[in-house]
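Visitor: With the sequence up front, the predicted model follows.
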Amino acid sequence: MPGMTQADVGPAEVRPDGAVRCVAVLARDYPDVIFDLRVAEGDKVLAGQALCHDRARPEICLVSPVAGRVSHISFGARRRLARIDIAVQADSDAARRFDTLVPQDDGAGLRRLLQQAGAWASFRTRPFGHLPDPDASPAAIFVIAAMADPRLLDTELLHRGMAALKLLTPGPLILCQPPGPPLLPEDDRLRLARFSGPSRAAGPMIHRMMPVSRQRMVWQATAQDVVAIGHLLACGQIMGTRVVTRAGQGPVVLPLGAVLDRASQPCLGRYDLHLDDAAADQRLPVWKRLLARLPQAKGAAMLPLESFERAFPFAILPAPLMRALACGDVETAERLGCLELLEEDVASLGALCPSGSDYGAMLRRVLRSLAQEVRA
Amino acid sequence: MTMVQTTPVWRWEANRITAVTALALLPALAMAVAERGGAMIGPVALALGVWAVWAGMFARLRGQPLAWDMIVPALVFVLMLPGAVPLWQQGVALSFGLVLGGLIFGARGRGFVNPAVVALAFLLFSFPGATAGQPGLGVAIGAGLGGAVLLLLGLISGRVVLGFGLGLAALMALQPAPDWAALTSATLALGLVFLIADPVAAACTNVGRWVYGGLAGALVAVLGAGAAGVGALAPVVFAALLASVFAALIDQMVIAANVRYRKGRQHHG
C-alpha cells in the first residue's frame, strides 16, 4: 500500500506464540448444549479429533484444535461437561484428515463435513446464540472481518470458505469489514458491508441490516472461522489457530482455547479474538484510583446514566432493557428487543452499570426461556 | 468481537457515585457556611443525625451494610431550607423524605423520586409560611460548579439540563414581564443539579430526558409565575416532584414509539 510507514507494517507481523502449552474447550461457549464425551482423561488426540458431541444433535462435534493429550476434564452443575483441557504436544502436528472430495457442491455433504470437523461451531444463531441445528438454513449469514488486513486474513481461503457457505443458506452472505478496499468482490449472493464507528461486533451490523425475530434467524461467524472452513476444504485438515489482537501489542497467533496463564487458567473462548491485558488499565487517573479504594456497595441498583446509550450501538433502549433483564421480565425484555442481542452485546452495559450486575447471564436466562417458548 | 478481560474495568460503582456527588455538593455547602456562618451548624448536624438514625436502622433491619447514598439528599435538604424553620420541623420533614422517598425502596436507583424533594414538599405542605430567606448568589455559583463536575463525569444528563433550560426559557418568554434575574437563584441551581437532574428521578431514555427536562423547566416557570417568582423554593420543589412522577410515563411513551419503530423495521428489513 502506498504511503505506509514501517510503523504501520510492524504490528501486522504475526508471530506464533510458542508459550502455549495447554488449550481448553469450554462448554460455556455453547449455551444450552449438553455434551457427551468421546474421549477420556489421558487419551492422546489428533488435531481435529472429536472430543465430545451434542447430546440432542449427535452430528455436531467439538474437536481438539491441537494434537496432544487430554489432561483434565471438569464437570459443572448437574455433572455436565464444563471444560476439557488438552496438553499440547509440542513436536507433533498430527492431524485428522477429512475427506473433502464430496462436499464441493453438495450442501448435505458439506454440512456433514463441517459438523464432523467441529467447524459447525463457527456459526452462532441470532436470536439465541445457539449452535445452529444440523439441517437449519438461515435467512442470511453475517461474516465479521474485524481486521481487513490481507496479511492477517488469507483472502483466497476466505473466498473458498464463502463459496461453501453459499450452500448453507438461500439468503445472502454479508461480509462485514472495516472501511477500505473490499476484501472480496461482491456478487449476487455475497454482499459487503462496512463497519461505521469503532465497533467491530456482529450484533450492531445484524441489528442494522437484518433485525432478527422469532420469524427470522441469521447466523454469524467470524471471517477467521470462514478462512478455517476454506482451509479445511482445501487441505482436509482443520485450522486450529486464530490471529488474536492484544491491547498494546501486535497480533499473535494462538491456538483456539489457548490457556493464557497457567495459574489462574483464563483461556481464550471459542469466539474471542481480542485480549485486553493489564497494560491498558494501568493508566487510571489518581482520582479514579482513590475512588476505587472505597468499599463496594451491596445490593446496589441500576442507575440510568447517559453513558449507557453511548456504549450501546443499537436502536434498543438500554436502561429499560436492563431493568427488564434484572427482574427477569421475559415479556418486556422481548418487547424491548432482547432477541436481537447476545451476551457480547450487553457486556459493555455491565461494565458501566453501578450495580455491577452480569447482564450477559441475565440475558441468557431470558433468552433460554424464550427459546423454550419458541420450540414448544 | 468478544474479548478476554484479564483485569476488571473501572466503573461507576454506587459508593463512588455517592462520594463524587457529595464532593460536588461541597462548594455549595462551603458557600452556605460562609454566608450564614454558625446558623448552618445546627441544621447540618441534625441532617447527618437523622440520616444516621434512619440509614442505620434500615441497614440493621435488612442485615446489610450501611448505605451512604442518602447523605447527599439530606445535605441538599439543608442547603435548600428557607431561613427560619424550627429544627423539629426539619427533623420530621427530613425523616419523612429519607424514609418514604428513599430507604423503603431498598437502594438508590430502585426508587423514583429524590428523597430531598419529598422532604421539602412535606415541609412546604405541613409547615407553610416559613418561606422567607434564601441562600445567596455564592451558593448558586457553588451549585453550578458541582453541576459542571457531575455533567463532565456523566453522572447527570446534559439532555435534562438543556431541556430544563429550554423549557424554562420558553415559558418565561411567554410571560408579560419575566423576571430573568430570578434565574441566578441558588434554589433554582441546587434544584436543577441535585433534584431534577438526579438520574433516579429523571427519565431513563435519551428522548425521555429531553422531554422530562423540558417539562420540569416549564413547570418551574408556570408554578413560579405568581408572586414568589421562579427562584423560590415551592415552584422548584413541586416542579421536581411532578416531573419525576411523570418521568416513568414519558419513558413508557418513548418505549412504545421505539417498539413501533423496530417492528416497522422488522417488516421491511
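Guide: The structure has been received and is ready for your questions.

Visitor: alpha carbons only for contacts and neighbour counts from here, please
Guide: Noted.

Visitor: Sketch out the low-pLDDT regions of the stretch 201-350 of chain A for me.
Guide: When residues are selected by pLDDT under 70, those of the stretch 201-350 of chain A lie in A:248, A:261-265, A:276-282.

Visitor: What of the stretch 151-269 of chain B?
Guide: Counting by pLDDT under 70, the low-confidence segments of the stretch 151-269 of chain B come to B:227, B:267-269.

Visitor: ok, which stretches of it are helices?
Guide: Listed from the start of the chain, the stretch 151-269 of chain B has helices (DSSP state H, counting those that start in this stretch) covering B:158-174, B:186-190, B:206-223, B:233-268.

Visitor: In the stretch 101-250 of chain A, what residue comes closest to chain B?
Guide: For the stretch 101-250 of chain A, the residue closest to chain B is A:A201, as judged by C-alpha to the nearest C-alpha, at 4.8 Å.

Visitor: Help me confirm that that residue comes into contact with A:I144.
Guide: Yes: the criterion here is C-alpha atoms under 8 Å, and A:A201 meets it with A:I144 at 7.4 Å.

Visitor: These two: who's more crowded?
Guide: More neighbours sit around A:I144 than around the other of A:A201 and A:I144, counting by other C-alpha atoms under 10 Å in any protein chain shown; the figures are 28 against 19.

Visitor: possible to save the helices of the stretch 151-269 of chain B as a markdown table with mean neighbour count?
Guide: Formatted as a markdown table, those follow (neighbours: other C-alpha atoms under 10 Å in any protein chain shown):
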| stretch | mean neighbour count |
| --- | --- |
| helix B:158-174 | 20 |
| helix B:186-190 | 26 |
| helix B:206-223 | 26 |
| helix B:233-268 | 19 |
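
Visitor: of these, which approaches chain A most closely?
Guide: With distances scored as C-alpha to the nearest C-alpha, the stretch of the helices of the stretch 151-269 of chain B nearest to chain A is helix B:233-268 (5.9 Å).

Visitor: For the stretch 51-200 of chain A, which residues are neighbours of chain B?
Guide: Where proximity means C-alpha under 8 Å from any C-alpha of the partner chain, the interface of the stretch 51-200 of chain A facing chain B comprises A:A146, A:R200.

Visitor: could you redo the last one with a cut-off of 6 Å?
Guide: A:R200 (C-alpha under 6 Å from any C-alpha of the partner chain).

Visitor: what about the helices in the stretch 51-200 of chain A?
Guide: Listed in chain order, the helices found in the stretch 51-200 of chain A under DSSP H, counting those that start in this stretch are A:107-116, A:155-165.

Visitor: now the longest one, how far from the centre of its chain.
Guide: For helix A:155-165, the gap between its own C-alpha mean and the chain's C-alpha mean amounts to 19 Å (C-alpha atoms, centre = their mean, to the nearest Å).

Visitor: what pLDDT, on average, does that helix get?
Guide: In this model, helix A:155-165 has an average pLDDT of 92.

Visitor: Name the single longest helix found in chain A.
Guide: Across chain A, the helix with the greatest residue count (assigned by DSSP state H) is helix A:359-375.

Visitor: Flag every buried residue along that helix.
Guide: Going by neighbour count (16 or more other C-alpha atoms under 10 Å in any protein chain shown), the buried part of helix A:359-375 is A:Y359, A:G360, A:A361, A:M362, A:L363, A:R364, A:V366, A:L367, A:R368, A:L370, A:A371.

Visitor: and the third one, what does it touch?
Guide: With contacts defined as C-alpha atoms under 6 Å, 6 or more residues apart in numbering or on different chains, A:A361 has no neighbours.

Visitor: What distance do you get for it to chain B?
Guide: Relative to chain B, A:A361 is positioned 15 Å away (criterion: C-alpha to the nearest C-alpha, to the nearest Å).

Visitor: which non-adjacent residue is nearest the closest residue to chain A within the stretch 1-150 of chain B?
Guide: Evaluated by C-alpha to the nearest C-alpha, the stretch 1-150 of chain B has B:E13 as its residue closest to chain A, separated by 4.2 Å. If the residues on either side of it in the chain are set aside, B:E13 comes closest to A:P354, at 4.2 Å by C-alpha to C-alpha, 6 or more residues apart in numbering or on different chains.

Visitor: Wait, that neighbour touches B:A14, no?
Guide: Yes: with contact defined as C-alpha atoms under 6 Å, A:P354 reaches B:A14; the gap is 5.2 Å.

Visitor: show me where the stretch 251-376 of chain A has strands.
Guide: Per DSSP state E, counting those that start in this stretch, the stretch 251-376 of chain A has strands spanning A:272-276. These are given in chain order.

Visitor: in it, what residue is nearest chain B?
Guide: When distances are taken as C-alpha to the nearest C-alpha, the stretch 251-376 of chain A approaches chain B most closely through A:P354, which lies 4.2 Å from it.

Visitor: What distance do you get for that residue to A:D225?
Guide: 36 Å (C-alpha to C-alpha, to the nearest Å).

Visitor: got it, and A:E343?
Guide: In this structure, A:E343 and A:D225 are 20 Å apart, going by C-alpha to C-alpha.

Visitor: Looking at these two, which one has more neighbours?
Guide: In terms of neighbours (other C-alpha under 10 Å), A:D225 is the more surrounded of A:E343 and A:D225; the figures are 25 against 18.

Visitor: Name the residue closest to the centre of chain B, please.
Guide: In chain B, the centroid-proximal residue (C-alpha atoms, centre = their mean) is B:L195; its distance is 1.0 Å.

Visitor: State the number of residues packed around the residue nearest to that one when sequence neighbours are not counted.
Guide: In space, B:L195 comes closest to B:N114 once its chain neighbours are excluded; the distance is 6.2 Å by C-alpha to C-alpha, 6+ apart. Residues within reach of B:N114, counting by other C-alpha under 10 Å, total 28.

Visitor: ditto for B:P128
Guide: Every residue meeting other C-alpha under 10 Å relative to B:P128 is counted, giving 9.

Visitor: can you list the helices of the stretch 151-269 of chain B in TSV and add distance to A:R335?
Guide: Output for those, formatted as TSV (distance: least, C-alpha to C-alpha, whole Å):
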stretch	distance to A:R335
helix B:158-174	26
helix B:186-190	38
helix B:206-223	18
helix B:233-268	7
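
Visitor: quick one, which of the ones you listed is nearest to A:F98?
Guide: Of all the helices of the stretch 151-269 of chain B, helix B:233-268 sits nearest to A:F98, with 40.5 Å by C-alpha to C-alpha.

Visitor: what angle do that closest one and helix B:206-223 make?
Guide: On the basis of axes from the mean of the first three to the mean of the last three C-alpha atoms, to 10 degrees, helix B:233-268 is oriented at 150 degrees to helix B:206-223.

Visitor: quick one, strands of the stretch 1-150 of chain B?
Guide: With DSSP E, counting those that start in this stretch applied, the stretch 1-150 of chain B shows strands at B:2-5, listed in chain order.

Visitor: where does it have low pLDDT?
Guide: B:1-8, B:130-133.

Visitor: what about 90?
Guide: Scanning the stretch 1-150 of chain B for pLDDT under 90 picks out the ranges B:1-11, B:35-40, B:64-67, B:81-85, B:106-110, B:127-136.

Visitor: Now A:V374: closest residue in space that isn't a chain neighbour?
Guide: Setting aside the residues directly before and after it, A:V374 is nearest to A:R214 in space (C-alpha to C-alpha, 6+ apart), at 7.3 Å.

Visitor: The one you found: what secondary structure?
Guide: Put simply, A:R214 is coil when judged by DSSP: H, G, I helix; E, B strand; the rest coil.

Visitor: where's it relative to A:P31, distance?
Guide: Relative to A:P31, A:R214 is positioned 18 Å away (C-alpha to C-alpha).

Visitor: same check, this time on B:V118
Guide: 46 Å.

Visitor: Check B:G63 too.
Guide: Between B:G63 and A:P31 the computed distance is 35 Å (C-alpha to C-alpha).

Visitor: Looking at those two now, which is surrounded by more residues?
Guide: The residue with more neighbours, out of B:G63 and A:P31, is A:P31; 13 against 9, by other C-alpha under 10 Å.
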